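Colleague: I'll drop the sequence and a predicted model, then ask my questions.
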Amino acid sequence: MNTEPRSYSSPLRQQQMEDTRQRIVEAALALISEQPQEAFSHEEIARRAGIALRTVYRHFPSRPELLDAVWQTSDSRLELSHYPNTEADMLAAIGPVYARMDANAPLMRGLLRSNAGQEMRRRDNERRRVAMERALGSATTHLDAAGKRAVLGIFQSIFSGRAWETMRDRAHLQEGEPARATEWAMRTLLAQLYRDQKISAREGQSHAKPAAKRAAKKKA
């Protein structure tokens, strides 16, 4: 006689668990969007979701696990963690990225202003920096390490959620205008970088010629 315990999985039960999990995440997103200064806690999210606190902990035992789920859902809407690898990709991404920010403006502002949002975004800072550094590689070959860091800092500041928020809320740009302004600024800076690169190459050649002549005379 088989006495092994039988496992039982109910599709309905599984769906109910998934629905509850999503309800918790949506309550967390609503908290970030509507009250970014409110404490981001299991207790507040349980209250907003209208479910027992122990249920929230059952799905998300720790704050990092809850933040990971919230970040994944917010990113599925904003796609902020999909970073370009080339200069062309970086320029092409400006319009779509800012359009998603415009379409999800309350959530974007909440991610920028809430402690939870800043905590989630900090996790991706290094990956974002590396991707943009790679995208700017061709335009910064003539610069030393300090110059490259300066250019990277400027581009990261221009193409960011903070820049979008400033242009929308302080400069009062309308939907679509922050993307056009950002693309203009980035293309202008890139054009100047390439002009400087050519000047640097010409100067290098002009300095190399006298040195070559002196070396030839010594040999003679």
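Modeller: Structure received.

Colleague: Spit out the contact partners of Ala27.
Modeller: For Ala27, the contacting residues are 45, 48-49, by CB atoms under 8 Å, 6 or more residues apart in numbering. For every residue, glycine as well, the C-beta is placed using N, CA and C.

Colleague: Mind pulling up the pLDDT for it?
Modeller: Note on Ala27: pLDDT of 96.

Colleague: For it, what are phi and psi?
Modeller: Here is the backbone geometry of Ala27 (degrees, to the nearest 10): phi -70, psi -40.

Colleague: residue ranges with poor pLDDT in this protein?
Modeller: Under the criterion pLDDT under 70, the flagged ranges of the chain are 1-9, 206-220.

Colleague: Isn't Cys69 up against Ser62?
Modeller: Not Cys; residue 69 is Ala. No. With contact defined as CB atoms under 8 Å, Ala69 and Ser62 do not form a contacting pair (11.1 Å).

Colleague: and those two? which has more neighbours close in?
Modeller: Ala69 (17 against 10; other CB atoms under 10 Å).

Colleague: Around Tyr98, count how many other residues there are.
Modeller: Neighbours of Tyr98 (other CB under 10 Å): 26.

Colleague: let me fix that: Phe159
Modeller: Phe159 has 24 nearby residues by other CB under 10 Å.

Colleague: Look up how far Gly176 lies from it.
Modeller: Look at Phe159 and Gly176: by CB to CB, to the nearest Å, they are 16 Å apart.

Colleague: Now Glu119: closest residue in space that isn't a chain neighbour?
Modeller: Leu67 (6.4 Å; CB to CB, 6 or more residues apart in numbering).
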